[in-house]
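Chemist: Need a 3D model of the sequence below.
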Amino acid sequence: MNFTFTQDQLDFQDAVAAMLRSEVTADSIRARWSATDGTDRTFLKQAHDLGLSSMLVPEALGGLGLTTGDFILLAEACGEVALPEPIVESVMVVLPMLVDILDQGLGNSDVQRVIDGVLAGDLRVAVGHAINPCINYADSADWFVLSEGDNVYLLPREAVVLEAQTSVDPSRRLFLASFTTSAEYLVADGDAGANLLRASLNRGALATSAQLVGLSRSMVDQSVQYATDREQFGRSIGANQAVKHLLADVAVQIEYAKPVLYRAAYTVGVSPTRADFAVSHAKSAAARTALLASRHCIQVHGAMGYTWECDLQIWVKRAWALAREWGDQGFHNNRIHEWLLRKNALLGPEFTFGRGSLTDIAKSG
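Modeler: Sure, this is the predicted structure:
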């Protein structure tokens with residue numbers, strides 16, 4: 001089988017990446033910090049016009065009907081420019097969760113109305129999860145998907161109380177959300193609710209992993225450029241082996257993380273509720289890579305790498321924040337260990353890809 005990306009997927013990535021590099025710059029990110037809602041509305045309209053928000057929504061519901069594997073490269077590209085707006089989370093977590101609710105005959109009439117509103121570009125929805133209680137850009141959301149235990153609720157903005165939180169990354173607008181439980185807003189409970197939350201956790205961790213890989217690549221590119229331009233004793237500092245080794249170590253880790261990420265994207269596309277092992281592997285590898293990139297790239301920049309004026313700090317702080325979002329390395333390493341220690345764990349190259357490695361999980365206990 002051929003597991004490489006198609007030319008159409010690569011071309012779409014190039015088109016979106018070119019738009020992102022043009023519209024999302026270090027200066028525009030800094031401008032967002034002083035904006036009322038922290039967003040660039042013109043950019044959000046461009047992204048919507050490109051069809052990003054509808055990519056993973058089935059055609060029957062007005063979307064493009066594409067897969068997680070189709071979007072994963074675009075999620076990386078969003079990470080590469082340190083995109084502040086939570087577009088990746090909306091595409092990979094919010095809309096698929098709402099579609100799942102609709103497909104399973106759960107929820108109420110609000111679900112379809114909210115999906116239509118998001119696809120039209122009129123509504124924003126935020127998802128909260130026990131593992132990820134601080135919601136990014138919650139103050140810009142019109143609707144919320146929140147949970148208590150295994151109960152899942154779809155609530156309008158007026159039914160939610162927000163409490164602002166502080167992030168190390170000034171681009172992130174974090175809030176804790178609280179609400180009063182009501183049957184009026186209940187869309188799923190019991191096993192159905194637990195499965196929705198499990199799927200959202202895996203999708204959220206995958207979305208974060210893709211952005212971390214993109215962030216790592218951008219930090220290396222910025223450091224290579226700096227090491228080429230910065231001179232000491234009549235030659236660029238990039239000529240020194242010590243500097244080369246720092247960046248080469250990160251480049252190698254990026255190449256190790258990418259196939260793990262793409263395998264997780266495939267697995268989530270097949271069965272998001274049974275993708276724990278693949279997603280946790282991807283999140284652990286991507287977080288480790290991004291944290292290594294942060295450390296080594298700051299070292300290449302020297303003391304100025306820490307300063308507010310240096311663009312690198314924007315990417316570094318985003319990496320620090322995302323490394324802990326949707327579960328930190330400890331959480332995901334524990335999920336990997338639990339999988340490996342299962343009596344009937346499906347291990348070996350024959351289970352790397354393919355539906356058999358997923359549909360057989362239920363039989364293996």
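
Chemist: What residues does A75 make contact with?
Modeler: For A75, the residues meeting the contact criterion (CB atoms under 8 Å, 6 or more residues apart in numbering) are 88, 91-92, 207, 210-211, 214. Glycine gets a C-beta too; all of them are placed from N, C-alpha and C.

Chemist: Pull the most distant pair out of the residues you listed.
Modeler: The most widely separated members of these are V91 and G214, with 14.5 Å between them, by CB to CB.

Chemist: quick one, which of the two is more surrounded?
Modeler: Each of V91 and G214 had its neighbours counted (other CB atoms under 10 Å), and the higher figure belongs to G214 (29 against 26).

Chemist: Next, the buried residues of the helix or strand hosting the more buried one.
Modeler: G214 is located in helix 190-229, with elements delineated by DSSP states H and E. Along helix 190-229, the positions that meet the burial threshold by neighbour count (16 or more other CB atoms under 10 Å) are 192-220, 222-224, 226-227.

Chemist: Repeat that for stretch 328-339.
Modeler: Within stretch 328-339, the residues that qualify as buried are 329, 331-333, 335-336, 339, counting by 16+ other CB under 10 Å.

Chemist: Next: stretch 139-146.
Modeler: Applying a neighbour-count criterion of 16+ other CB under 10 Å, the buried positions in stretch 139-146 are 139-141, 143-146.

Chemist: For A257, state which of those is nearest.
Modeler: Using CB to CB, V145 is the member of the buried residues of stretch 139-146 that lies nearest A257, at 28.9 Å.

Chemist: List the strands paired with the host helix or strand of that closest one, with their directions.
Modeler: In this assignment (DSSP H and E), V145 forms part of strand 143-148. In the sheet containing strand 143-148, the strands it pairs with under DSSP bridges are strand 125-127 (parallel), strand 151-156 (antiparallel).

Chemist: tell me the contacts of the residue nearest to G128 when sequence neighbours are not counted?
Modeler: Spatial nearest neighbour of G128, chain neighbours left out: L146 (4.6 Å); criterion: CB to CB, 6 or more residues apart in numbering. Neighbour list for L146: 127-128, 152-153, 155, 160, 177, 179 [criterion: CB under 8 Å, 6+ apart].

Chemist: and with 7 Å instead?
Modeler: Contact analysis of L146 by CB atoms under 7 Å, 6 or more residues apart in numbering lists 128, 153, 155, 177, 179.

Chemist: neighbour-wise, which of the residues you listed leads?
Modeler: Going through the contacts of L146 with other CB under 10 Å as the criterion, the one with the most neighbours is Y153, at 25 neighbours.

Chemist: If that residue is in a bridge, with which residues?
Modeler: The partner residues for Y153, given DSSP bridges, come to L146, L186.

Chemist: how close does N240 sit to L196?
Modeler: As judged by CB to CB, to the nearest Å, N240 and L196 stand 52 Å apart.

Chemist: before we move on, what about E148?
Modeler: As it turns out, when the distance is counted by CB to CB, E148 lies 13 Å from L196.

Chemist: which residues does the nearest residue to V224 once chain neighbours are set aside contact?
Modeler: Once flanking residues are discounted, V224 sits nearest to L247: 6.2 Å by CB to CB, 6+ apart. If a contact means CB under 7 Å, 6+ apart, then L247 has 220, 223-224, 296, 300 as its contacts.

Chemist: Out of the residues you listed, which is nearest to T267?
Modeler: Within the contacts of L247, the smallest distance to T267 is 27.0 Å, found for V220 (CB to CB).

Chemist: That closest one against A293, yeah?
Modeler: Yes. Assessed by CB atoms under 7 Å, V220 is found in contact with A293 at 6.3 Å.

Chemist: what is in contact with those two at once?
Modeler: V250.
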